[in-house]
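Colleague: Next come a sequence and a model predicted from it.
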Amino acid sequence: MSSTIALITGANKGIGFETARGIARAGVHVILGAREESRAAAAVDRIAAEGGSAEPLLLDVTDSATISAAAGRIEAVHGRLDILVNNAGIMIDEFDKSPSQQSLATWRTTFEVNLFGQVAVTNALLPLLHRSPAARIVNVSSVLGSLADSTDPESEFYDFKIPAYNISKTALNAWTIHLAHELRGTPIIVNAAHPGFVRTELHGVDAPLTPEEGARTSIELALDVAGVPAGTLVHERAVLAWERWTSGCGCLGALALSGRPAWRNGRRGALKMLGPRGHVGSSPTAGTDYSLTPRNWCGGGWIPAMLRNLPNT
């Protein structure tokens with residue numbers, strides 16, 4: 001059995017299965033979580049037929065009993081967890097209804113799976129992730145949760161208003177940022193993944209990407225080959241904007257650090273700041289040489305006191 005252990009939720013089909021399959025092909029032992037263990041077992045058989053190492057796990061992200069049992073089983077069998085891919089998600093909005101017409105049940109059910117389920121699973125497994133020498137958490141999100149694209153009439157996603165789903169992903173993005181900040185200075189790296197528009201039961205058959213293509217970003221983040229900083233929303237190794245970039249908002253929220261790469265959104269050119277240890281928005285570290293170039297970027301990060309003494313550029 002591999003010395004690296006990964007858990008993927010919602011892994012019996014679609015992007016979740018292809019994520020488990022891809023991670024297994026890298027020699028990782030994968031645990032396939034699903035609401036029905038028989039379906040997880042069938043998916044495990046497919047991976048095993050390709051020579052992969054896998055096991056099924058009963059896991060309903062909305063059921064605290066199965067979450068607790070899953071954490072207990074992983075601890076008893078493996079003693080730790082190295083990779084967690086929070087893949088389980090739903091989209092149940094009624095497309096013929098406006099945001100204000102969606103039922104409260106739709107909102108609550110969507111958030112139970114897409115946000116609260118991910119938080120619950122992560123919190124239950126965090127002690128096991130802390131036992132890993134280099135753990136990875138991947139939250140499968142969507143660019144539809146980006147405030148930048150939701151408010152930009154020029155964005156291709158501007159008219160994709162799927163309220164409960166989109167806003168649950170906005171909240172998930174915020175959870176990713178907060179969790180990454182909490183875990184800064186630890187070996188646990190947290191990112192959100194945008195898989196793209198994928199042909200699954202969630203999105204329908206007319207999407208341009210296959211589930212295997214949609215799983216690429218999650219796989220790369222899980223295996224730590226994407227080469228991006230923690231606490232970011234990523235698609236195909238590119239960091240996507242959380243919110244709108246402006247040149248005159250007066251918020252010096254991102255700074256280009258000399259000697260470090262500047263992570264740039266390919267469409268808008270919004271700079272993300274790389275702090276100590278590659279975390280976005282980290283506090284300054286004593287003794288670190290920060291030769292700073294200020295950039296106007298509304299959205300966060302720290303502003304060192306030394307910035308007040310910098311010349312205008």
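Modeller: Cool, the structure landed.
Colleague: dump the residue contacts of A41.
Modeller: Taking C-beta atoms under 8 Å, 6 or more residues apart in numbering, we find A41 in contact with P56. Every C-beta, even on glycine, is put in place using the N, C-alpha and C of the backbone.
Colleague: Can you pull the phi and psi angles for the residue nearest to T176 when sequence neighbours are not counted?
Modeller: Leaving aside its sequence neighbours, T176 sits nearest to A192 (C-beta to C-beta, 6 or more residues apart in numbering; 4.3 Å). Phi and psi for A192, reported as degrees, to the nearest 10, are phi -110, psi 140.
Colleague: For the longest helix along the chain, the averaged confidence score.
Modeller: When the chain is parsed with DSSP state H, its longest helix is helix 163-182. Taken as a whole, helix 163-182 has a mean pLDDT of 96.
Colleague: Which positions within it qualify as buried?
Modeller: Residues 163-173, 175-177, 179-181 are the ones in helix 163-182 that count as buried (16 or more other C-beta atoms under 10 Å).
Colleague: tell me the contacts of the residue nearest the centre of the chain?
Modeller: In the chain, the C-alpha nearest the mean C-alpha coordinate belongs to A192, at 1.8 Å (C-alpha atoms, centre = their mean). By C-beta under 8 Å, 6+ apart, the contact set of A192 is 138-141, 172-173, 176, 232-234.
Colleague: can you rerun that using 7 Å?
Modeller: The neighbourhood of A192, defined by C-beta atoms under 7 Å, 6 or more residues apart in numbering, consists of 139, 141, 172-173, 176, 233-234.
Colleague: Farthest-apart pair in the residues you listed, please.
Modeller: Across the contacts of A192, the longest distance by C-beta to C-beta is 13.5 Å; it joins L172 and V234.
Colleague: quick one, phi psi at G27?
Modeller: For G27, the backbone dihedrals (degrees, to the nearest 10) come out as phi 90, psi 10.
Colleague: brain fart, V239
Modeller: The phi/psi pair for V239 (degrees, to the nearest 10) reads phi -80, psi 130.
Colleague: One more: L58?
Modeller: In terms of degrees, to the nearest 10, the main-chain angles of L58 are phi -70, psi 120.
Colleague: before we move on, the earlier item: run through the neighbouring helices and strands of the longest helix of the chain.
Modeller: Contact partners of helix 163-182 among helices and strands, from 3 or more C-beta pairs under 7 Å, 6 or more residues apart in numbering; DSSP states H and E: helix 104-111, helix 117-129, strand 189-193.
Colleague: the inter-axis angle of that helix versus helix 104-111?
Modeller: For helix 163-182 against helix 104-111, the angle by axes from the mean of the first three to the mean of the last three C-alpha atoms, to 10 degrees is 30 degrees.
Colleague: Give me the below-cutoff pLDDT ranges for the stretch 151-300 of the chain.
Modeller: Scanning the stretch 151-300 of the chain with the threshold set as pLDDT under 70 gives 199, 202-208, 242-300.
Colleague: can you rerun that using 90?
Modeller: Applying pLDDT under 90 to the stretch 151-300 of the chain flags residues 151-152, 154-160, 196-211, 225-228, 235-300.
Colleague: Surely A6 forms part of a strand?
Modeller: Yes - the assignment for A6 by DSSP: H, G, I helix; E, B strand; the rest coil puts it in a strand.
Colleague: Who are the contact partners of it?
Modeller: Counted by C-beta under 7 Å, 6+ apart, A6 has contacts 23, 28, 30-31, 82-83, 85, 222.
Colleague: confidence score at the nearest residue to R35 once chain neighbours are set aside?
Modeller: What sits nearest to R35 in space, not counting adjacent residues and going by C-beta to C-beta, 6+ apart, is D60, at 4.5 Å. Looking at D60, its pLDDT stands at 98.
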